[in-house]
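Colleague: Below is the sequence, then the predicted model.
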Amino acid sequence: MPSITADSFKTSFLPTWCPGCGDFGIWMSLKNALANLGIGSDDGFLVYGIGCHGNMQDWMKIYGARGLHGRALPVAQGIKLANHKLPVICITGDGDCLGEGGNHLIHAAKRNPDITVIIHDNQVYGLTTGQASPTAQPGFKTKSTPTGATDTPINPLTLGLTAGATFIARGFAGDTPGLTDLMQRAISHKGFSVLDVLQPCVTFDKVHTYGWYRQRLYQLDKEGYVPDNKIKAFEKALEWGDKIPIGIFYKEDRPTSEEVEPALTGAPLKDLPLTVSNIDGLLSEFI
Ligand SMILES: Cc1ncc(C[n+]2csc(CCOP(=O)(O)OP(=O)(O)O)c2C)c(N)n1
Ligand code: SF4
């Protein structure tokens, strides 16, 4: 059997992202992570949100589907329910996942399905040409906030911690080796993993550039941080300014929703026989 490499995911399409977009680093890291984990085109399922990030589906050869805007997580959970043996990864944006789909993130985290959520966090709605997203920092000037954003931004890490996600991490699109490693750990974690990725949008954000992040980012593990304490994770997740931490903030083992659902204790649902005897009668009730 040929070994899996990043090239195994090649399609006939080339990316349409703006040159220099942080999405390139996330895409490369994801292909490397999947290859390193031995997950090939037929072995996993990617669910994409709507946005620049979601366009990745066209240049990623692996089973996939796109949700409506904000609805990637319900689709991902449906796929996990039908075949809980399949690795399921959600490729989403800060607008898709924390704005339109915010409620889905909270309820998925609470249930703890074995799904990895990779948030392309660029503080803007990139595809619709640069309006402020839910993670826009106060004072950030965009098309929709010409005098600077005034809302309190949503922090994907503290939100995930509060809602019950069992793996919380933050990476940087400009650090492909570090991000590859974080993705491997997030995908390998048994449970709901939230990986927030700081992703420069080079076209609509001239503030949070690669250089801006590089001046501020530091790695939690290099400071001896151990990600086993929720209170400490909150403290670290709230750091934002001259110093911004990246790495794993929190990790916990808790039974997944698939493990506690009695209907899934045997084979995946897709392999079970359909035992409804009166299917026509059942269907007619809904017609
Ligand atoms: C229900 C709904 N509302 C709004 C839109 C328009 N829309 C498409 S993409 C998008 C923003 C995407 O932003 P984000 O999720 O941050 O992704 P990015 O483009 O930055 O990768 C919006 C508002 C839509 N398609 N559907
Ligand atoms: S608009 Fe921004 S997020 Fe979208 S492809 Fe261009 S640089 Fe990337």
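Modeller: Arrived safely, thanks for sending. Since this is a predicted model, take the numbers as computed values, not measurements. Residues are numbered from 1 along each chain as shown. Ligands and ions are numbered 1, 2, ... in the order given.
Colleague: going forward, measure contacts and count neighbours with C-alpha atoms only.
Modeller: OK.
Colleague: give the contact list for the nearest residue to Asp253 once chain neighbours are set aside.
Modeller: Leaving aside its sequence neighbours, Asp253 sits nearest to Thr166 (Cα to Cα, 6 or more residues apart in numbering; 6.7 Å). Applying Cα atoms under 8 Å, 6 or more residues apart in numbering, we find Thr166 in contact with 109, 112, 191-193, 250-254.
Colleague: for Ala149, same thing?
Modeller: 132, 136-142.
Colleague: that older thread, filter the contacts of Thr166 down to just the ones in helices.
Modeller: Among the contacts of Thr166, DSSP state H puts Ala109 in helices.
Colleague: So how do I select the buried members of the contacts of Thr166 in PyMOL?
Modeller: Selection of buried members from these for PyMOL, criterion 16 or more other Cα atoms under 10 Å:
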select buried, resi 109+112+191+192+193+250+251+252
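Colleague: just to revisit the earlier point, restricted to buried residues, select the contacts of Ala149 in ChimeraX.
Modeller: Here is the ChimeraX command that selects only those of these that count as buried (16+ other Cα under 10 Å):
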select :132,136,137,140,141,142
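Colleague: Strands - which of the contacts of Ala149 land there?
Modeller: Secondary structure assignment (DSSP state E) places Ala132 from the contacts of Ala149 within strands.
Colleague: which one of the contacts of Ala149 is nearest ligand 1?
Modeller: Of all those, ligand 1 sits closest to Ala132, with 8.7 Å by Cα to the nearest ligand atom.
Colleague: Isn't the closest one up against Pro146?
Modeller: No: if you go by Cα atoms under 8 Å, Ala132 and Pro146 don't touch, sitting 9.7 Å apart.
Colleague: name the helices or strands packed onto the biggest helix by length in the chain?
Modeller: When the chain is parsed with DSSP H, its longest helix is helix 23-37. On a contact count with 3 or more Cα pairs under 8 Å, 6 or more residues apart in numbering; DSSP states H and E, helix 23-37 meets helix 176-188.
Colleague: Pull out the buried positions in the helix it packs on.
Modeller: Within helix 176-188, the residues that count as buried by 16+ other Cα under 10 Å are 176-187.
Colleague: likewise stretch 52-68?
Modeller: Within stretch 52-68, the residues that count as buried by 16+ other Cα under 10 Å are 52-62, 64-67.
Colleague: Lowest pLDDT pick from those residues?
Modeller: Looking at the buried residues of stretch 52-68 by pLDDT, the weakest one is Gly67, with 93.
Colleague: Count the neighbours of the nearest residue to that one once chain neighbours are set aside for me.
Modeller: Closest residue to Gly67 apart from its sequence neighbours, by Cα to Cα, 6+ apart: Gly49 at 5.6 Å. Each residue near Gly49 was counted by other Cα atoms under 10 Å, and the total is 30.
Colleague: contacting residues around the residue lying closest to Lys141 once chain neighbours are set aside?
Modeller: Nearest residue to Lys141 in three dimensions, chain neighbours excluded: Gly148, at 4.2 Å (Cα to Cα, 6+ apart). Shown in contact with Gly148 (Cα under 8 Å, 6+ apart): 138-142.
Colleague: okay, the residues you listed in a markdown table with pLDDT and distance to ligand 1 next?
Modeller: Shown next, in a markdown table, are the contacts of Gly148 (pLDDT from 0 to 100; distance: Cα to the nearest ligand atom, whole Å):
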| residue | pLDDT | distance to ligand 1 |
| --- | --- | --- |
| Pro138 | 96 | 17 |
| Gly139 | 97 | 18 |
| Phe140 | 97 | 15 |
| Lys141 | 97 | 15 |
| Thr142 | 96 | 13 |
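Colleague: List just the nearest of the residues you listed to Ala72.
Modeller: Thr142 (25.7 Å; Cα to Cα).
Colleague: Residues of the stretch 51-200 of the chain that sit close to ligand 2?
Modeller: Contact residues, the stretch 51-200 of the chain versus ligand 2 (Cα under 6 Å from any ligand atom): 52, 126-127.
Colleague: need the helices for the protein, in chain order.
Modeller: So, for the chain - with DSSP H - the helices run 23-37, 72-82, 94-95, 102-111, 156-163, 176-188, 210-216, 230-237, 257-260, 279-284.
Colleague: what separates Cys21 from ligand 1, distance-wise?
Modeller: 10 Å (Cα to the nearest ligand atom, to the nearest Å).
Colleague: swap in Ser188?
Modeller: From Ser188 over to ligand 1 the distance is 25 Å, taken as Cα to the nearest ligand atom.
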